[in-house]
Structures are given as C-alpha cells and as structure tokens.
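> Sequence first, then the predicted structure:
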Amino acid sequence: METFLQQLINGLTIGGFYAVVALGYTMVYGVLKLINFAHGDMFMWGTLAGWGLLTTVLAGLTDMDLVAILVTAVLVMAFIGMMGMTIERVAYRPLRTAGRLSPIISALGAAFALESVARNVSHARWRTYPEGLLKGLPTLRLTDKVAVSGLQILMLVVCAAIMIGLYLFVQRTRVGTAMRAVSLDHNVSRLMGINVNRIISIVFFIGPALGGLAGLLIGIYYGSFNFTLGWVFGLKAFIAAILGGIGNIPGAVLGGFILGISETMVVAYGPDIGLANASAWKDAIAYVLLIAILIARPTGILGETVAEKV
Amino acid sequence: MNRTLARLVRPWMWQLLLVLLALALPLMPFMDRSRTSLAVLAGIYVMLGLSLNLVVGYAGLFQLGHAAFFGLGAYTAAILSIERNITILATIPIAALVAGGAAILISKPILHLRGDYLCIVTIAFGEIFRIGVTNNAFGITGGANGLFGAGRPELPLPWVEPVPAVTLALVLALHIFLTRRSGYLLRWGGAAVIAAGYYLPPLILDHKPLFLVSMVMAVSVVILGSVLRDHRVSARGQMLALVAVVLVFGLIMAAGSDSLVTEIEGNLDKYFRVEDPVKVLGAELTPVVFKRDARPYYYLVLAFILITLVGMRRLQNSRLGRAWLYLREDQVAAEAMGIDTTQVKLAAFAIGSAAAGVAGVLYASRFTVVAPESFNFLQSVIMFCIVVLGGSGSIPGILVGTLGMVVLPELLRDVGPTFLYEGINPVLILAVLLGGYLYSARHRLRGAAVESGAVAVAFFAPPLLLGEPALSVIGMFMVLAAIIAIPLVRRRSHNALPWVAGALAVYVVVMLLIGKGLGPDVEREISAFRIMDWRDGLMGVAMVVMMVLRPAGIIPERRRGIVVSAVAGANTSQQAT
C-alpha cells in the first residue's frame, strides 16, 4: 500500500508534465487540425534553453535559486513562444489549404531541424542542470515510507496552475472564446470579425511557451537531459492528448495523468506480475494504451463523436 | 517540328530509356564500389517507396510506421536464414506473408480511425516493433545488437538443366497469360518465336552459358510487350517488336558467342562463388552465392523493382486500384458506389506491407546484419517523405524522392566544408541557389534579378575583402535564409528591396567584424564543421521548404477528375486568406 501511494505520487508528477505538454498539442490540433510534431522538440528546447541560461548567464544567481528559476522561466517561455510563432509562420501557414499530407511533412521537417540544431548546440552529450537547485524545499512526509519531495509539490502546483489558468483563459476571456470559435470553423469565425491568423499565432505562442516551461521544469526535476528528450517525451505527450480526446483541454490533462500513472505503475509492479524487465518496455506502455483506448473509443476518453463533415 | 517530335516520342520510350539507363548505371565510370553500394541501398528504398505509395498515394491512408513491416521482413529472413539455414531468397514468400499478415492483424481494428488518428496509431505500432526487437522479444531477435550472419542470396547456376527449361516455361506462361486478350498470332506465334529464340542459339552455337543471354532476352521481351500493351500499341506492332528483339539477341549471340562466354564466365568468378550441387525436389542444382560486391545485388534489386513496378501498374488499372482511387478522392462517395471501404483499405495495407517485407529480405541479404536501429521512426519518415516529397501517387516522384532523401544525404558525406569554398565551387553553388530563386520568381524577373544581385554582392564581399574564402560557407546559409525570407517580406510590403538591402548590409558588416576578430581562426573553425552532423537538420529544412514551394510534391500525379478534388477541397473548411 505504501509503495502504491509513493508510486502514485511519482506518477502524478510525471503525468503533470505529460499533461502540460499535451495541452500544447491539443490546442494546436484544435485550431488547425494539425499534429504539430515540432512541439515535442520545442519542449526539449525549453530544457536546453533553461540549461543554457542557468549554467551561463544566470549562473551567479544560483544562491537565490527561486529568483534565478523565475527569471529563467520567463525568458524561456518568451523564447519558446516566439519560436512557436515563427515555425507556424514559416512552415504551417503557407500550407493551410494544401491538404493533409503536406503539413505533416512540414511539421516533421521542422521537428528534425530543431532537433538537429539542439544536437549540435549540446554536442550530442548528456547535459546536467546545476546541482542543488530548489533542494531547500521542505519534504512532506505522509507516513514513514511515503514522502512527497518539495520539488514534486512545486511541480504539481505549477502544472495544476497552468491547467486551471489555461482552462479559465479559454473559457472566460475574449481571446479564448475566439480560439474556440476558430477551432470550430475558420471561415465563419472570419465572418464574425475574428482575425483568424492572429488567433492562430496566439495559440502558437501559448502552447509552445507552456511546453517550454514544462521543459525547464523537467530539466530541474530530472537534473539531466539530452537532445532526444523532445521526440520521446513529445510523442508520449501527444498520445496523452489523444487518450483524453484531442482538442479538449480537460481531456489532455486526464490523458496525461493516466499515462504518467500507468507508466510508473507498470515499472513498479511489472516484476511482480511476471514482466521481468518492465523498465525496458516502459516506452511501449504509452503505445499499447493508445491502441487499446482508440479501439474502444475512437475519439478518446472525453472526445465527442463528431460526424465528419461532408 | 516540336509537334512531330512530341508525336514520335511516346511515353513508353521514356520509360524504356529509363530502364536502359538503370541497367547501364553500374557500368558507368563514376560508379565505384561505394557508389554502387549506395545505388543498391537506393534501390531498396525505391521498393519501399513503391510499397508505401500503395498505402499513402493510392489509397490515401496515413502510414508512418512502414519501417516496422520492412523490419518484419528483414527479421523473418534473417531468423529463417540463421536458425533454419533456409536460403535467403526462398524466405521471400514467408517474409511477405508475415509482413502482410501482421498488417492485416494490426490494421483491422484501427482502419475505421480518421486520418490523424490512423497516423499516430501507425507510429505507435512502429515504435512497439522497435522496442520489441530491441528488448529481444521471444528471445529470437538478438536484442539491441540485432542479428548477424544472414545468408547472402543464392541462385542456381543458370545454364545447367533444368534451370533453362523451367525459366522458359515460366516466361512462356507469363507471356500467354499477359496476351490472353490479344490475337492467336501474338499469343501462340509469339510464344513459339520466344521459345525458338531462347533454345536455338545456345544449342546451335554449343555454348551453354549463352542461356543467360537467352533469359535476358525472354524477360525483356515480356516486359517490352507489357509496356507496349499498356500504351495501346497494336498487336501487329507488338509482334514486330517481339520478333525484332528476338532477332537482335540472336544476332548478338551468333556474332559474339566466344567473347560473351568468356565475359560471362569471368564475371561468374568475380562476383559469385560456385558451390557443390545439391538436390532440390529431385533436380540437381548448382548454387552460386553472391560475393560482397554490390554489382550483382544491384541487378537483383533492379529486377525486384521492375517486377514491383509492373505489378503496381496492373494493380492500378484493376478493379481494386480504381476502388483505391475513389477511396482517396472521396470516401463517402466511394461507399455510396458500393465499395467496401474497410476491405479495400485492408487490401492496400496488406499488399503494401507485404512488398515492404520483400524489400526487408533484400536488405537482410545485402547487409547480412539486421538491427533495430535500421527500422526506427526516422526510417518510416524517410519512406513517407520519399512518397510525399516526390508527389504522392506518382512513380517518377518516388525516384526523385529517393534521390533527395537517401542518395543526396549519403553523397553529402563526402563533401567536407573545404569542398564548399574550393576554387569555383562557391560560384556554382550560388548560381544554383539564385537560379532556383529566379525561377520561382519568374513572374517578376526584374525585381528578383535586382534582389539576387544584392544577395550575390553580399555573398562575395566579406570573403573577397578579407581574403578568407572560408567565409563563403557562412555566406551560403545567408543566401538560403535570404531566398526564404524575401518572399515573406514581400508579402508584407510591396517593395522588399530596402529591407533586403538593409539586412544584407548588416550581414556584410557583421561578417567583416567576425572575420577581422577571428583572423586566421576562421578557416580552422569552419573546416572543423562537419556537414554530416547537420544532415537531419538540413533534411528537415529541405522538407519544409519543398512542401511550402510545391505542396503537391515535385512531380505530382496527374489527378483524374477535377470536380472530385474541388469537392474534397471544400471539405476541409480551412481556407487561408
């Protein structure tokens, strides 16, 4: 029971990251019906940019680690947000009428380009974040064996704040309403006086900015990363978005948590149920889960069944 | 004049020319060992492109996990060859069955998913396959290192009976089947002519190795006939062509029998290892095993490509092929026409995957090592790009796509950064880049020429002023950025020139400062630059640029029925301004 609780907490933390990255996928899919394959790599760029800032420019601030991290977070979010807007402008906007195949290739191309630059910038090595970041946070002891580290609490709080904030933003503000309108129909939105291109640009700022923030947080959480992080983590986050029903913000959050928890649980209990090297198979869990859920519910758990427009 | 030329040059002549070029390619002087090897790899990718084209191009399904079926074929061949000692070419039907069967099992539950969901599920299957073989699933895949020691292809020595007789029987059966709608003359008369042209020269000249030439003759007659029929050449024309080819081959054999035989026997020693005869189904066969040299592999792969191509053409014009076409253009309408869309999609998946499995066998036999990393997601993406970049559904497009995605990156390996600024090379590269830009902006040539001039000046100024030719490597990136950026700026403000001039001036100043600051270090820094490190990135940028410039691919397939595509366009409800 105690291991279970501990694994549940670990799973929730990982799930929170999946959820925040999944939000970026789901928002873009909502407005453009496009799988933004570059999103995972922008997330990785968040980790990379955060590492770059914390080890060079802001290295002197590590005594006041919260301040340093706040400054880094703002800079990383601005940088990755701009990156997202640029990619949309260069790689996606010219292809908006070009059918379904071409934007997929273009998105994959953007992902490759981002990953290649990151590989060369980091010289394809594992990079480590400065030691001792946020280690001063108090650990919450639930029982003797179950502990929630301060880092985990912080991560969960930030992820929850992002999700709730984004939900309120989309549901309550004018821009959020415009986003929902654009995701329903571009032409009608335009008739209603919505500047569709501007809304899409905003989506491409917010999604990657949140992804970049998640990247920074995961860098701090794990302590080390390399350039392949974006692809693996990004793909799994996208799967989380699909699990919950793509285009749907609560769905992305739900999918993220389901994925995070099932991964940690399988790794923890795999040996008990006969799966000897469960951790080697960890990456396959997301895919198996995806296939199982899509066979049962073709539009995801919270997805609505929409008849395809003819 | 032009008109007459167009009437004389029929499409099939181009196809024939292409096949002849492909046949002659390894004999060209520039094809050294490594390039022939690369040509074999490219050939395998052409096969993969053709097989994926069936799924993506014809049936319009998204498949980003094709590498898994390629891998299934390769692993099946390697396991059977290593564990059961089955000669590797004999595993082709098994590998095709395994890959095709797996495709049916896997895709049955997911085919009802819509485009993007299907895409992500195929990625998921590809990844599960990769993780499975990396973790040594069932204990037979050799884990992360893969399997070593798959056999090289073995063929029976072609001129020892019963091989010539069996080959002739197969060819004649094919000929008779393919000409079943033509007259008696072409069908039976043609068969008689082929048989005579096949058996008489080697027997009369008493040189058994000439049977090899006879086989080439027989196969080319059948392929030529198939192409001619495809282009609706009359039965009399086909018969004439048949007789002409048989006669030409007969004359070649008669005129050069001795030198041909020495040539054949010399090549046999050079490229093959002759083994002791074995008994197969009561017949005594002498196996000849491929050596490491790439040339025989090239012809093996080419043969498979030609067979696949002929199969594709015939599929395309069949009932199933037309069903795929309707399905791609409009699923709802196709359903209304009584097409069982699930069955038809399943057929596309199964046939395409089986063909990929065959390509996997060729891969295993060529490299004799099968490892998980050869079948990862990047490979699936490369295959997908081969189909889509070239123009989805178009066969010449697949050739262009393979050149761009497989051959070009490999050739880049030889190109060091010094190559980029040696002698006249910077001028040539600039000419190609700006020529491409001028072509894309040909509707406003004058403005584009002025912009190109400005870009060229900015390109040459820093290296010439500082006497550091190495700086032109950075200039090439500037030129690329400029020709991508100028159209974007132009969309904002009509006159882009002030912006272009300003940006270029800034570039020149920055470059001069960098050049002055680094001094002699420039050359060292730049020659440490390894273009292979950036290969994926360059590929990615090229993918984006190609799609933006030509969304339908480089050589798009000619669509049938404009009305259909117009309706399909209205579907998406996502028109940009």
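Okay, I see it. This structure is a prediction, so every number in the text was calculated from the model and none was measured. Numbers count the residues shown, from 1 in each chain, chains lettered A, B, ... in the order given.

> contacts, neighbours, all on C-alpha from now
Fine.

> residues near residue 244, how many?
Using chain A. Residues lying near residue A:244 (other C-alpha atoms under 10 Å in any protein chain shown) number 29.

> actually it's chain B I care about, not the one you picked
13.

> what about the closest residue to residue A:85 other than its chain neighbours, distance to residue B:43?
Of all residues not flanking residue A:85 in the chain, residue A:204 sits nearest, at 5.2 Å (C-alpha to C-alpha, 6 or more residues apart in numbering or on different chains). Computed as C-alpha to C-alpha, to the nearest Å, the residue A:204 to residue B:43 distance reads 40 Å.

> Measure how far the lowest-mean-pLDDT helix or strand in chain A is from the centre of its chain, please.
Within chain A, no helix or strand scores below strand A:140-141, which has a mean of 74 by mean pLDDT, DSSP states H and E. Centroid separation for strand A:140-141 versus its chain: 27 Å, with C-alpha atoms, centre = their mean, to the nearest Å.

> repeat for stretch B:436-445
The answer for stretch B:436-445 is 30 Å, by C-alpha atoms, centre = their mean.

> neighbouring contacts of it?
B:448-449, B:452, B:483 (C-alpha atoms under 8 Å, 6 or more residues apart in numbering or on different chains).

> Next, the contact list for residue B:183, please.
Taking C-alpha under 8 Å, 6+ apart as the criterion, residue B:183 is in contact with residue B:235.

> For the stretch 101-250 of chain B, which residue gets nearest to chain A?
Proximity of the stretch 101-250 of chain B to chain A (C-alpha to the nearest C-alpha) peaks at residue B:124, 5.0 Å away.

> Point out where the stretch 201-310 of chain A drops to low pLDDT.
A:274-279, A:304-310 (pLDDT under 70).

> at 80 what do you get?
Residue ranges of the stretch 201-310 of chain A with pLDDT under 80: A:247, A:270-282, A:298-310.

> and what of the stretch 51-200 of chain A?
Checking the stretch 51-200 of chain A against pLDDT under 80 turns up A:56-66, A:98-100, A:124, A:130-147.

> Assign the spatially closest residue to residue B:82 that is not a sequence neighbour to helix, strand or coil.
Leaving aside its sequence neighbours, residue B:82 sits nearest to residue B:150 (C-alpha to C-alpha, 6+ apart; 5.7 Å). Using DSSP: H, G, I helix; E, B strand; the rest coil, the structure places residue B:150 in coil.

> Show me where chain A has its helices.
Counting by DSSP state H, chain A has helices at residues A:2-32, A:38-55, A:65-87, A:101-121, A:150-172, A:174-184, A:186-191, A:196-222, A:229-244, A:249-269, A:282-296.

> from memory residue B:275 sits against residue B:290, does it?
No. Applying C-alpha atoms under 8 Å, one finds residue B:275 not in contact with residue B:290, separated by 10.9 Å.

> These two: which is more packed in?
Shown here are residue B:275 and residue B:290; by other C-alpha under 10 Å, residue B:290 has more neighbours (23 against 14).

> For the residue nearest to that one when sequence neighbours are not counted, give me the backbone phi and psi.
Computed as C-alpha to C-alpha, 6+ apart, the closest residue to residue B:290 that is not its neighbour in sequence is residue B:272, at 4.8 Å. The phi/psi pair for residue B:272 (degrees, to the nearest 10) reads phi -130, psi 160.

> contacting residues for residue B:272?
B:288-291.

> cool, residue B:120 as well?
Residue B:120 touches A:239, B:64, counting by C-alpha under 8 Å, 6+ apart.

> Recalculate using a threshold of 10 Å.
Residues in contact with residue B:120 (C-alpha atoms under 10 Å, 6 or more residues apart in numbering or on different chains) are A:35, A:235, A:238-239, A:242, A:287, A:290-291, B:62-65, B:126.

> What subset of those is buried?
Buried members of the contacts of residue B:120, scored by 16 or more other C-alpha atoms under 10 Å in any protein chain shown, are A:35, A:235, A:238-239, A:242, A:287, A:290-291, B:62-65, B:126.

> Would you format those as a markdown table with distance to residue B:212 included?
Formatted as a markdown table, those follow (distance: C-alpha to C-alpha, whole Å):
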| residue | distance to residue B:212 |
| --- | --- |
| A:35 | 53 |
| A:235 | 52 |
| A:238 | 56 |
| A:239 | 55 |
| A:242 | 57 |
| A:287 | 51 |
| A:290 | 54 |
| A:291 | 51 |
| B:62 | 43 |
| B:63 | 40 |
| B:64 | 41 |
| B:65 | 40 |
| B:126 | 41 |
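
> which residues does the residue in the stretch 201-310 of chain A positioned nearest to chain B contact?
Relative to chain B, the nearest point of the stretch 201-310 of chain A is residue A:287 (5.0 Å; C-alpha to the nearest C-alpha). Residue A:287 sits next to A:235-236, A:239-240, A:259, A:293, B:120-128 when contact means C-alpha under 10 Å, 6+ apart.

> Verify the contact between the residue nearest to residue A:85 and residue A:82 for me.
Yes. Between residue A:204 and residue A:82 there is a contact under C-alpha atoms under 10 Å: 8.4 Å.

> Give the intersection of the neighbour lists for those two.
With C-alpha under 10 Å, 6+ apart as the test, residue A:204 and residue A:82 both reach residue A:88.
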